[in-house]
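> One predicted model, sequence on top.
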Amino acid sequence: DKKCIICQQYLYLSAVSCSCRTSHVCLEHWKHLCECSPEKRRLLYRHTLAELGDLASEVKASLSGENVKQSPLLLNDIPTPSKKGKDQHMSYAQLAKDWLSKSDHILHMPFLDTAYSTALEAAEQFLWGDHDMDSVRNMALKLTEAKRWGLSVRNCLSKIDECLLRKDKCSEKVKYVDIEELVAVRCEASSEPGLAQLQDYAERGKMLISEINIALSSCSTVDHLEALYSRASEFPVELTETSMLSCEISSAKSWLKKARDLLEVNKLGVIDIDCLNTLKLE
(Lines give C-alpha, C1' and ligand atoms only; values in the text may rest on other atoms or scores of the structure.)
Protein backbone atom coordinates (compact mmCIF):
# COMPACT_ATOMS: atom_id res chain seq x y z
CA ASP A 1 0.00 0.00 0.00
CA LYS A 2 1.08 3.56 -0.67
CA LYS A 3 1.80 6.00 2.13
CA CYS A 4 0.64 9.55 2.69
CA ILE A 5 3.54 11.83 1.75
CA ILE A 6 2.67 14.11 4.69
CA CYS A 7 2.10 11.84 7.70
CA GLN A 8 3.48 8.58 6.24
CA GLN A 9 0.46 6.53 7.32
CA TYR A 10 -0.54 3.65 5.08
CA LEU A 11 -3.46 4.40 2.77
CA TYR A 12 -5.41 1.20 3.34
CA LEU A 13 -8.91 2.40 2.53
CA SER A 14 -8.74 5.79 0.84
CA ALA A 15 -6.45 8.43 -0.60
CA VAL A 16 -6.44 11.67 -2.57
CA SER A 17 -4.54 12.06 -5.83
CA CYS A 18 -3.96 14.64 -8.54
CA SER A 19 -2.98 14.31 -12.19
CA CYS A 20 0.00 16.63 -11.62
CA ARG A 21 1.93 14.00 -9.63
CA THR A 22 2.10 10.32 -8.75
CA SER A 23 2.14 10.73 -4.96
CA HIS A 24 -0.90 10.44 -2.69
CA VAL A 25 -2.09 11.86 0.63
CA CYS A 26 -4.63 10.80 3.22
CA LEU A 27 -8.00 12.53 3.53
CA GLU A 28 -6.75 14.63 6.44
CA HIS A 29 -3.97 16.20 4.36
CA TRP A 30 -5.76 16.56 1.01
CA LYS A 31 -5.17 20.33 0.99
CA HIS A 32 -1.40 19.83 1.15
CA LEU A 33 -1.03 17.53 -1.86
CA CYS A 34 -0.39 20.26 -4.43
CA GLU A 35 -1.32 23.78 -5.48
CA CYS A 36 -3.91 22.70 -8.05
CA SER A 37 -7.56 23.62 -7.60
CA PRO A 38 -9.60 21.15 -5.48
CA GLU A 39 -11.70 20.22 -8.53
CA LYS A 40 -8.66 18.52 -10.10
CA ARG A 41 -8.11 16.16 -7.19
CA ARG A 42 -9.59 12.68 -7.09
CA LEU A 43 -10.82 10.59 -4.21
CA LEU A 44 -9.56 7.01 -4.39
CA TYR A 45 -11.28 4.37 -2.27
CA ARG A 46 -11.45 0.60 -1.89
CA HIS A 47 -14.88 0.43 -0.27
CA THR A 48 -17.92 2.69 -0.37
CA LEU A 49 -19.36 4.18 2.81
CA ALA A 50 -22.24 1.75 2.40
CA GLU A 51 -19.84 -1.21 2.47
CA LEU A 52 -17.91 0.20 5.42
CA GLY A 53 -21.17 0.88 7.28
CA ASP A 54 -22.32 -2.69 6.74
CA LEU A 55 -18.96 -3.96 7.96
CA ALA A 56 -19.15 -1.79 11.08
CA SER A 57 -22.67 -3.08 11.78
CA GLU A 58 -21.45 -6.68 11.50
CA VAL A 59 -18.60 -5.98 13.92
CA LYS A 60 -20.94 -4.32 16.42
CA ALA A 61 -23.39 -7.20 16.16
CA SER A 62 -20.63 -9.72 16.89
CA LEU A 63 -19.60 -7.94 20.10
CA SER A 64 -21.48 -7.94 23.40
CA GLY A 65 -22.99 -4.63 24.41
CA GLU A 66 -20.58 -4.04 27.31
CA ASN A 67 -17.55 -4.57 25.08
CA VAL A 68 -18.60 -2.15 22.38
CA LYS A 69 -16.65 1.05 22.71
CA GLN A 70 -18.12 4.19 21.26
CA SER A 71 -15.42 4.55 18.67
CA PRO A 72 -15.98 6.90 15.71
CA LEU A 73 -15.33 3.88 13.49
CA LEU A 74 -18.41 2.11 14.86
CA LEU A 75 -20.80 5.07 14.96
CA ASN A 76 -23.56 5.41 12.42
CA ASP A 77 -23.85 9.18 12.63
CA ILE A 78 -22.08 10.31 9.47
CA PRO A 79 -22.27 13.99 8.59
CA THR A 80 -24.24 14.73 5.44
CA PRO A 81 -21.73 15.69 2.72
CA SER A 82 -22.40 18.80 0.68
CA LYS A 83 -20.98 20.59 -2.31
CA LYS A 84 -20.69 24.32 -2.79
CA GLY A 85 -22.75 25.66 -5.68
CA LYS A 86 -22.87 29.12 -7.21
CA ASP A 87 -24.86 30.71 -4.41
CA GLN A 88 -25.31 28.04 -1.77
CA HIS A 89 -24.26 24.65 -0.48
CA MET A 90 -26.20 21.76 -2.01
CA SER A 91 -26.37 18.38 -0.30
CA TYR A 92 -25.11 15.41 -2.25
CA ALA A 93 -28.60 13.94 -1.92
CA GLN A 94 -29.98 16.91 -3.89
CA LEU A 95 -27.21 16.65 -6.46
CA ALA A 96 -27.77 12.90 -6.76
CA LYS A 97 -31.50 13.42 -7.31
CA ASP A 98 -30.73 15.85 -10.12
CA TRP A 99 -28.25 13.38 -11.64
CA LEU A 100 -30.80 10.56 -11.49
CA SER A 101 -33.35 12.69 -13.33
CA LYS A 102 -30.87 13.56 -16.10
CA SER A 103 -29.70 9.95 -16.38
CA ASP A 104 -33.24 8.63 -16.71
CA HIS A 105 -33.78 11.15 -19.51
CA ILE A 106 -30.62 9.89 -21.26
CA LEU A 107 -31.91 6.31 -21.16
CA HIS A 108 -35.07 7.32 -23.00
CA MET A 109 -33.32 9.39 -25.65
CA PRO A 110 -31.72 8.06 -28.88
CA PHE A 111 -28.38 6.49 -27.95
CA LEU A 112 -25.48 8.94 -27.75
CA ASP A 113 -22.16 7.57 -26.52
CA THR A 114 -20.86 10.91 -25.21
CA ALA A 115 -24.01 11.48 -23.13
CA TYR A 116 -23.55 8.12 -21.39
CA SER A 117 -19.83 8.73 -20.81
CA THR A 118 -20.49 12.17 -19.32
CA ALA A 119 -23.22 10.83 -17.02
CA LEU A 120 -21.05 7.94 -15.81
CA GLU A 121 -18.16 10.31 -15.15
CA ALA A 122 -20.47 12.58 -13.14
CA ALA A 123 -21.69 9.57 -11.14
CA GLU A 124 -18.25 9.08 -9.62
CA GLN A 125 -18.87 11.90 -7.14
CA PHE A 126 -21.72 9.88 -5.59
CA LEU A 127 -20.64 6.23 -5.85
CA TRP A 128 -18.49 6.34 -2.71
CA GLY A 129 -21.48 7.30 -0.54
CA ASP A 130 -23.67 5.47 1.96
CA HIS A 131 -26.81 3.48 1.21
CA ASP A 132 -28.67 6.66 0.33
CA MET A 133 -26.63 6.52 -2.90
CA ASP A 134 -27.75 2.98 -3.79
CA SER A 135 -30.16 4.40 -6.38
CA VAL A 136 -27.21 6.16 -8.05
CA ARG A 137 -25.18 2.95 -8.10
CA ASN A 138 -28.11 1.06 -9.64
CA MET A 139 -28.60 3.74 -12.28
CA ALA A 140 -24.86 3.73 -13.05
CA LEU A 141 -25.07 -0.03 -13.68
CA LYS A 142 -28.02 0.54 -16.03
CA LEU A 143 -26.08 3.22 -17.89
CA THR A 144 -23.02 0.98 -18.19
CA GLU A 145 -25.10 -1.94 -19.50
CA ALA A 146 -27.05 0.29 -21.90
CA LYS A 147 -23.86 1.91 -23.18
CA ARG A 148 -22.19 -1.45 -23.80
CA TRP A 149 -25.30 -2.74 -25.60
CA GLY A 150 -25.72 0.40 -27.71
CA LEU A 151 -22.08 0.38 -28.78
CA SER A 152 -22.33 -3.32 -29.70
CA VAL A 153 -25.37 -2.62 -31.89
CA ARG A 154 -23.59 0.21 -33.67
CA ASN A 155 -20.42 -1.84 -34.07
CA CYS A 156 -22.40 -4.63 -35.75
CA LEU A 157 -24.14 -2.21 -38.11
CA SER A 158 -20.80 -0.57 -38.94
CA LYS A 159 -19.27 -3.93 -39.93
CA ILE A 160 -22.35 -4.79 -41.99
CA ASP A 161 -22.16 -1.48 -43.86
CA GLU A 162 -18.45 -2.07 -44.52
CA CYS A 163 -19.17 -5.53 -45.97
CA LEU A 164 -21.90 -4.13 -48.20
CA LEU A 165 -19.49 -1.52 -49.55
CA ARG A 166 -16.46 -3.76 -50.01
CA LYS A 167 -18.38 -6.96 -50.88
CA ASP A 168 -15.77 -9.62 -51.84
CA LYS A 169 -13.02 -7.68 -50.07
CA CYS A 170 -14.79 -7.82 -46.70
CA SER A 171 -12.28 -9.37 -44.27
CA GLU A 172 -14.61 -10.05 -41.36
CA LYS A 173 -18.37 -10.42 -41.21
CA VAL A 174 -20.58 -9.99 -38.17
CA LYS A 175 -21.62 -13.39 -36.83
CA TYR A 176 -25.33 -14.13 -36.95
CA VAL A 177 -25.22 -15.53 -33.40
CA ASP A 178 -23.94 -12.16 -32.14
CA ILE A 179 -26.78 -10.28 -33.84
CA GLU A 180 -29.30 -12.81 -32.56
CA GLU A 181 -28.00 -12.35 -29.01
CA LEU A 182 -28.15 -8.54 -29.18
CA VAL A 183 -31.69 -8.58 -30.53
CA ALA A 184 -32.82 -11.20 -27.99
CA VAL A 185 -31.24 -9.42 -25.02
CA ARG A 186 -32.47 -6.00 -26.21
CA CYS A 187 -31.56 -3.59 -23.46
CA GLU A 188 -34.81 -2.10 -22.16
CA ALA A 189 -32.90 0.83 -20.72
CA SER A 190 -31.59 2.12 -24.02
CA SER A 191 -33.14 3.65 -27.11
CA GLU A 192 -31.04 2.76 -30.15
CA PRO A 193 -32.42 3.81 -33.58
CA GLY A 194 -30.30 1.15 -35.31
CA LEU A 195 -32.05 -1.70 -33.49
CA ALA A 196 -34.81 -1.96 -36.11
CA GLN A 197 -32.20 -2.35 -38.85
CA LEU A 198 -30.39 -5.02 -36.84
CA GLN A 199 -33.67 -6.86 -36.26
CA ASP A 200 -34.24 -6.86 -40.02
CA TYR A 201 -30.86 -8.53 -40.63
CA ALA A 202 -31.63 -11.05 -37.89
CA GLU A 203 -34.95 -11.95 -39.53
CA ARG A 204 -33.42 -12.21 -43.01
CA GLY A 205 -30.62 -14.37 -41.63
CA LYS A 206 -33.13 -16.63 -39.89
CA MET A 207 -35.07 -17.14 -43.14
CA LEU A 208 -31.88 -17.88 -45.10
CA ILE A 209 -30.74 -20.39 -42.47
CA SER A 210 -34.11 -22.12 -42.70
CA GLU A 211 -33.81 -22.37 -46.50
CA ILE A 212 -30.30 -23.82 -46.24
CA ASN A 213 -31.33 -26.42 -43.65
CA ILE A 214 -34.30 -27.50 -45.78
CA ALA A 215 -32.04 -27.80 -48.84
CA LEU A 216 -29.45 -29.83 -46.91
CA SER A 217 -32.06 -32.23 -45.55
CA SER A 218 -33.70 -32.86 -48.93
CA CYS A 219 -32.56 -34.09 -52.34
CA SER A 220 -31.65 -30.71 -53.80
CA THR A 221 -29.84 -30.22 -57.09
CA VAL A 222 -26.32 -28.84 -57.17
CA ASP A 223 -27.60 -25.78 -59.02
CA HIS A 224 -30.07 -25.06 -56.20
CA LEU A 225 -27.37 -25.50 -53.56
CA GLU A 226 -24.99 -23.21 -55.44
CA ALA A 227 -27.70 -20.56 -55.78
CA LEU A 228 -28.26 -20.70 -52.02
CA TYR A 229 -24.51 -20.53 -51.38
CA SER A 230 -24.22 -17.45 -53.59
CA ARG A 231 -26.98 -15.71 -51.62
CA ALA A 232 -25.40 -16.70 -48.29
CA SER A 233 -21.98 -15.43 -49.43
CA GLU A 234 -23.43 -12.08 -50.49
CA PHE A 235 -25.37 -11.73 -47.23
CA PRO A 236 -23.31 -9.32 -45.04
CA VAL A 237 -23.71 -11.54 -41.97
CA GLU A 238 -21.71 -14.71 -41.31
CA LEU A 239 -23.89 -17.83 -41.10
CA THR A 240 -22.37 -21.06 -39.77
CA GLU A 241 -24.62 -22.95 -42.19
CA THR A 242 -22.72 -21.42 -45.13
CA SER A 243 -19.67 -23.63 -44.50
CA MET A 244 -21.94 -26.69 -44.22
CA LEU A 245 -23.50 -25.75 -47.55
CA SER A 246 -20.05 -25.37 -49.12
CA CYS A 247 -19.02 -28.85 -47.93
CA GLU A 248 -22.25 -30.34 -49.28
CA ILE A 249 -21.67 -28.74 -52.69
CA SER A 250 -18.07 -30.01 -52.81
CA SER A 251 -19.21 -33.53 -51.90
CA ALA A 252 -21.98 -33.46 -54.50
CA LYS A 253 -19.62 -32.28 -57.25
CA SER A 254 -17.09 -34.94 -56.30
CA TRP A 255 -19.79 -37.62 -56.47
CA LEU A 256 -21.00 -36.38 -59.87
CA LYS A 257 -17.45 -36.52 -61.23
CA LYS A 258 -17.05 -40.11 -60.03
CA ALA A 259 -20.41 -41.04 -61.56
CA ARG A 260 -19.50 -39.46 -64.91
CA ASP A 261 -16.13 -41.23 -64.91
CA LEU A 262 -17.87 -44.54 -64.21
CA LEU A 263 -20.36 -43.97 -67.03
CA GLU A 264 -17.50 -43.08 -69.37
CA VAL A 265 -15.79 -46.36 -68.53
CA ASN A 266 -19.08 -48.22 -68.97
CA LYS A 267 -19.26 -47.06 -72.60
CA LEU A 268 -16.33 -49.35 -73.28
CA GLY A 269 -18.28 -52.28 -71.83
CA VAL A 270 -16.21 -52.45 -68.64
CA ILE A 271 -17.47 -51.53 -65.14
CA ASP A 272 -15.96 -51.96 -61.71
CA ILE A 273 -18.60 -53.39 -59.37
CA ASP A 274 -16.79 -52.05 -56.28
CA CYS A 275 -16.86 -48.51 -57.68
CA LEU A 276 -20.56 -48.88 -58.44
CA ASN A 277 -21.33 -50.05 -54.90
CA THR A 278 -19.29 -47.18 -53.46
CA LEU A 279 -21.26 -44.65 -55.50
CA LYS A 280 -24.53 -46.20 -54.33
CA LEU A 281 -23.45 -45.89 -50.70
CA GLU A 282 -22.44 -42.25 -51.19
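On my side now, so go ahead.
> all contacts plus neighbour counts: C-alpha atoms, from now on.
Will do.
> domains for the chain, by residue range?
What automatic domain parsing lists as the domains of the chain is 1-46, 93-192, 195-281.
> How far off centre is the longest one?
In terms of Cα atoms, centre = their mean, to the nearest Å, the centre of domain 93-192 is set 8 Å apart from its chain centre.
> now the first one
Computed by Cα atoms, centre = their mean, the separation of domain 1-46 from the middle of its chain amounts to 33 Å.
> cool, and the last one?
Between the mean C-alpha location of domain 195-281 and the chain-wide mean there is a distance of 37 Å, by Cα atoms, centre = their mean.
> Looking at the domains of the chain, which is nearest to Leu55?
Closest approach to Leu55 among the domains of the chain (Cα to Cα): domain 93-192, 12.1 Å.
> Compute the first-to-last residue distance for the closest one.
Distance between the two ends of domain 93-192: 30 Å, counting by Cα to Cα, to the nearest Å.
> returning to that earlier point: weakest of the domains of the chain by average pLDDT?
Among the domains of the chain, domain 195-281 carries the lowest mean pLDDT, at a mean of 83.
> possible to save the domains of the chain as TSV with distance to Leu63 and mean neighbour count?
Output for these, formatted as TSV (distance: least, Cα to Cα, whole Å; neighbours: other Cα atoms under 10 Å):
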stretch	distance to Leu63	mean neighbour count
domain 1-46	23	15
domain 93-192	23	16
domain 195-281	55	14
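> among the ones you listed, which is nearest Asp54?
Once these are compared by Cα to Cα, domain 93-192 is nearest, at 9.4 Å.
> the strands in the protein, which residues?
Per DSSP state E, the chain carries strands over the ranges 14-18, 41-45, 82-84, 89-91, 174-175, 237-238.
> With distance to Lys60 added, can I get those strands in CSV?
Below are these laid out as CSV (distance: least, Cα to Cα, whole Å):
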stretch, distance to Lys60
strand 14-18, 22
strand 41-45, 23
strand 82-84, 28
strand 89-91, 29
strand 174-175, 54
strand 237-238, 59
